[in-house]
Each structure stands twice: as C-alpha cells, then as structure tokens.
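>>> sequence and predicted structure, then a few things I'm wondering about:
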Amino acid sequence: MRDAVEVLKNQKENIINSWIREIREDVSVTRHTSRIVLRNHVPQLLDDVIGIMEKFGDFDVVQEDLIHQELFENSMEHGRHRAATKGYTLQQILREYIIFDKVISRYLSGANVQSPEAAAVIKYSIENAMLYSGIAFNESIQEVRQKFIALVAHDMRNPISAALFAMKMMKYEEGEERFELVRSMAVNSLNRSVELIEDLLDSITLEAGEGMTFNFSRQNIVECLTAVHHEAIESYSNKIIFACQKGEIEGIFDGTMVRRVIENFVSNAIKYGKENTPVTLFCIDREEMVELSVHNFGNPIPAERQKRIFNFLNTSNGSSPRGLKSRGIGLSLVKAVAEAHGGALNLHSSESEGTTFTITLQKNYHEPGKLRVALRI
C-alpha cells in the first residue's frame with residue numbers, strides 16, 4: 001500500500017494529464033471544454049484517494065465513515081461544477097470516474113505496485129466519489145430547474161393580473177376609445193403571459209449549464225418602460241412617476257426580459273416601500289449604455305442582504321412592512337439580464353435617501369437573434 005501511495009504522489013500530474021487525454025477521446029462534451037474546467041476538483045479528488053490509502057493498512061469496510069469524510073466535499077463540488085457546465089449528463093460524469101479509476105490502476109500496474117488491497121481501497125473510494133458527485137449533479141440540476149419554474153411563475157402574475165384588471169375595466173358605455181385602450185392593454189398582457197409560458201416549458205427541459213433563452217431585437221426601450229408605467233398606474237395605489245428625457249432610446253435588447261426586470265423592481269418598490277409615497281422609474285441615455293432605475297422611500301435594505309440579493313439560488317424569503325408576500329425570487333432574474341446585455345447592477349439603500357435599484361444595459365452588445373444564457377449558480 002505504501003509503495004502505491006508513493007507512485008500516486010510522484011505521478012500525480014502525469015495521471016491527471018493522462019486522464020484529461022482519455023476523457024477527451026471518450027466523453028464527447030469534454031472536447032469543447034477547457035483544461036481548467038476539466039481539471040476542476042480532480043487534483044483534490046486524487047489527493048483524497050491518496051489520503052485514504054495512507055490511512056488504511058488493509059481495506060476495512062468498517063471504516064466507511066472515513067472514506068465519506070475524505071471524499072464527500074470535493075466529490076459534491078465536482079458534481080455541482082459539472083451541473084453548471086454546458087452539455088454534461090450524469091452518464092458523462094460517471095464515465096469520468098471510470099476512466100479516472102482505469103488511469104490510476106494503469107500507473108500502479110506499470111510500476112508493479114498494484115495490490116489487491118490497494119485496488120480495493122481505490123475502487124471503493126471512487127465508487128463513493130461517483131455516488132456523491134452524481135447526487136450533487138442531480139440535486140443542482142433540479143434546484144436550478146425548480147428555481148427557473150418558480151421565477152417564471154412569479155413573473156407571470158404581473159401580466160395576468162394586469163390582463164384581469166383590464167378585463168374588469170372594459171365597459172363599452174365609457175366610450176369606444178377608452179374601451180379599445182383597455183382591450184389593447186389586456187391583449188398585450190396576455191401575449192406576454194404566453195411568452196412566459198414558453199419560458200416555463202424551457203425551464204422544465206433545462207439541462208446542465210443551460211439558462212434562459214433571450215430574444216434580442218432592435219427596439220425602442222422607452223416603449224417597454226412606458227408600457228410598464230401604464231400598467232403600474234392601473235395596478236397600484238401609489239403614485240408612479242416615469243422620468244425619461246427622451247421619447248426614443250434605440251438599441252438591441254430583449255424587451256420582454258428588460259420589462260420583467262423593471263416590473264420586478266416596481267413590484268418590490270411597492271411591497272417594501274412606504275405606503276402612499278411615490279415610486280419613480282428613471283431612464284437615462286448614456287451614449288452606448290442605457291441606465292434604468294426604480295426608487296422608493298421606506299425602510300432600507302440591510303447591508304448583509306444587499307450582498308446576496310441578486311444571487312440566483314438565494315432563497316431568502318421576505319414579507320413587506322405592508323403585509324404583502326414576497327417569495328424572494330424576482331430579483332434572481334436581474335443579474336442574468338444585466339450580464340446578457342453586457343451591463344451591470346447597482347443597489348443603493350439608506351434611511352434618508354430611500355432605495356434605488358439600477359440596471360445598466362449596453363445598446364449594441366449582441367446582434368439580433370436568440371441566445372441561451374447560462375446562469376452563474
């Protein structure tokens with residue numbers, strides 16, 4: 001056992017390089033994956049195996065808890081990492097471990113230090129690593145998928161509520177012009193609901209490393225914001241102010257995604273803002289960028305929560321001072337939209353100045369067309 005440990009220590013880099021070469025031939029997804037991504041937690045896993053071998057004189061299944069302690073963290077991290085890497089499946093992860101076992105065994109056999117005891121420890125260790133990694137991979141995929149579904153379902157409430165409200169307001173006796181205006185608002189809201197349902201179907205089939213589908217086209221972003229403003233006026237009792245110096249700011253945007261962001265900003269401003277105080281939507285043209293922000297007065301967001309508020313897998317729930325429920329998931333969309341547009345996020349919140357959420361978007365970051373954007377989990 002001791003001789004086998006020394007060989008693995010001395011040949012560590014050779015073993016890893018051989019493993020990378022072989023998985024590139026055997027596992028199709030790895031052919032387009034960088035060496036840095038492939039290596040990931042593999043050196044640590046090899047160290048774990050070596051550590052287990054050093055602690056065992058002979059293989060003893062009674063000490064299974066030791067194998068668990070040695071392998072658990074890095075194996076789980078490996079599975080979570082592969083879940084965030086585009087194209088991976090559970091089968092491909094298991095193939096990585098099978099090839100890992102084969103390469104180690106070949107180096108030990110070549111040095112004439114392979115023993116039944118060493119082979120048993122290595123086999124059992126790698127089997128456990130496969131188990132932990134597979135569990136983490138599946139759990140991560142499911143967590144992201146469920147988060148996506150919850151996110152889309154959360155955002156569907158705004159257009160459906162707006163459409164329902166519009167239908168209740170449709171009274172022909174108030175005049176044809178008013179009737180057509182309200183009908184148009186209801187139709188637009190239902191059309192956006194259909195788009196969100198398509199996103200929901202995408203979420204159900206989400207695979208490793210995938211994210212939301214963006215549909216970029218050249219458009220006037222002010223029109224999107226004006227629609228949000230009109231719906232907000234009809235939906236909320238607070239005064240909603242739209243401050244924009246221009247009637248037209250053109251660029252290549254996913255208008256539906258940007259609209260979802262601003263709707264979430266406004267919705268949170270109402271939920272967490274001070275009652276009967278105005279909520280202001282700002283739009284500022286900054287040459288190659290456009291800056292969109294929503295401001296409200298009310299209790300500030302604690303500094304610690306500000307650090308994680310845009311995290312996709314942040315599951316912190318909250319309730320507003322006004323008793324309105326919040327599932328804490330709407331803002332998880334914002335980071336992806338900002339990154340997809342080559343932009344950035346900013347949050348400023350204080351007792352005296354209130355709270356302002358800001359997203360900046362580059363006007364020409366993408367060509368028109370569809371793009372699937374993976375989220376950083």
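Nice, I can see it. Numbering: from 1, shown residues only.
>>> strands along the stretch 151-300 of the chain, start to end?
With DSSP state E, counting those that start in this stretch as the criterion, the stretch 151-300 of the chain has strands at 211-220, 240-244, 250-253, 279-286, 289-296.
>>> now the ones you listed in CSV, with mean neighbour count and mean pLDDT?
For glycine as for every other residue, the C-beta is placed from the backbone atoms N, C-alpha and C. Conversion of the strands of the stretch 151-300 of the chain to CSV gives the following (neighbours: other CB atoms under 10 Å; pLDDT from 0 to 100):
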stretch, mean neighbour count, mean pLDDT
strand 211-220, 17, 85
strand 240-244, 16, 94
strand 250-253, 21, 95
strand 279-286, 18, 95
strand 289-296, 22, 95
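>>> helices or strands up against the helix ranked longest in the chain?
Under DSSP state H, the helix in the chain containing the largest number of residues is helix 116-169. In terms of contacts (3 or more CB pairs under 8 Å, 6 or more residues apart in numbering; DSSP states H and E), helix 116-169 is packed against helix 42-55, helix 64-83, helix 90-110, helix 176-204, helix 221-235, helix 255-272, helix 332-340.
>>> and the angle from the first one to helix 116-169?
In this case it means helix 42-55. Between helix 42-55 and helix 116-169, the angle comes out at 140 degrees (axes from the mean of the first three to the mean of the last three CA atoms, to 10 degrees).
>>> and helix 42-55, how far out from the chain middle?
When distances are taken as CA atoms, centre = their mean, to the nearest Å, helix 42-55 is centred 32 Å away from the chain's centroid.
>>> what residues does it touch?
Outside helix 42-55, the residues that touch it by CB atoms under 8 Å, 6 or more residues apart in numbering are 1, 4-5, 8-9, 12, 15-16, 19, 66-67, 70-71, 74-75, 78, 100, 104, 118, 121-122, 125-126, 129.
>>> and with 7 Å instead?
1, 4-5, 8-9, 12, 15-16, 19, 66-67, 70-71, 74-75, 78, 118, 121-122, 125, 129 (CB atoms under 7 Å, 6 or more residues apart in numbering).
>>> only the buried members of these: can you turn that into a ChimeraX selection?
Per 16 or more other CB atoms under 10 Å, the buried members of these correspond to this ChimeraX selection:
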select :1,4,5,8,15,16,19,67,70,71,74,75,78,118,121,122,125,129
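>>> close enough to count as contact, Pro159 and Arg192?
Yes - counting by CB atoms under 7 Å, Pro159 does reach Arg192; the two are 4.3 Å apart.
>>> of the helices and strands packed on helix 116-169, which approaches Asn296 most closely?
helix 255-272 (3.7 Å; CB to CB).
>>> which strands or helices does that closest one pack on?
Here helix 255-272 touches helix 116-169, helix 221-235, strand 279-286, strand 289-296, helix 332-340, strand 354-362, going by 3 or more CB pairs under 7 Å, 6 or more residues apart in numbering; DSSP states H and E.
>>> just the helices and strands packed on helix 116-169: most buried one?
Each of the helices and strands packed on helix 116-169 was scored by mean neighbour count; the highest is helix 255-272, a mean of 23, by mean count of other CB atoms under 10 Å.
>>> now that one - C-alpha only, CSV.
Output in CSV follows, covering the C-alpha atoms of helix 255-272 (Å, rounded to 0.1, in the frame of the first residue of the first chain):
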residue,chain,number,x,y,z
GLY,A,255,-37.5,43.8,-24.4
THR,A,256,-39.5,41.1,-22.7
MET,A,257,-36.7,40.4,-20.3
VAL,A,258,-36.0,44.0,-19.6
ARG,A,259,-39.6,44.6,-18.9
ARG,A,260,-39.7,41.7,-16.4
VAL,A,261,-36.8,43.3,-14.6
ILE,A,262,-38.5,46.7,-14.3
GLU,A,263,-41.8,45.0,-13.3
ASN,A,264,-39.9,43.3,-10.5
PHE,A,265,-38.2,46.5,-9.5
VAL,A,266,-41.6,48.3,-9.4
SER,A,267,-43.3,45.4,-7.6
ASN,A,268,-40.7,45.3,-4.9
ALA,A,269,-40.7,49.1,-4.5
ILE,A,270,-44.4,48.9,-3.8
LYS,A,271,-44.1,45.9,-1.5
TYR,A,272,-41.3,47.2,0.6
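>>> quick check: angle from that helix to strand 240-244?
Using the same axes, to 10 degrees: helix 255-272 against strand 240-244 is 140 degrees.
>>> check the offset of helix 255-272 from the chain's centre.
Distance, centroid of helix 255-272 to centroid of chain: 18 Å (CA atoms, centre = their mean).
>>> got the strands of the stretch 151-300 of the chain as JSON lines, with distance to Ile197 columns?
What follows is these, written out as JSON lines (distance: least, CB to CB, whole Å):
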{"stretch": "strand 211-220", "distance to Ile197": "13"}
{"stretch": "strand 240-244", "distance to Ile197": "27"}
{"stretch": "strand 250-253", "distance to Ile197": "21"}
{"stretch": "strand 279-286", "distance to Ile197": "26"}
{"stretch": "strand 289-296", "distance to Ile197": "25"}
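>>> out of these, which gets nearest to Ser109?
Here strand 211-220 is closest among those (CB to CB), at 43.4 Å.
>>> circling back: switch the helices and strands packed on helix 255-272 over to CSV; also include distance to Glu177.
Listed next are the helices and strands packed on helix 255-272 as CSV, based on distance: least, CB to CB, whole Å:
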stretch, distance to Glu177
helix 116-169, 14
helix 221-235, 15
strand 279-286, 26
strand 289-296, 30
helix 332-340, 35
strand 354-362, 34
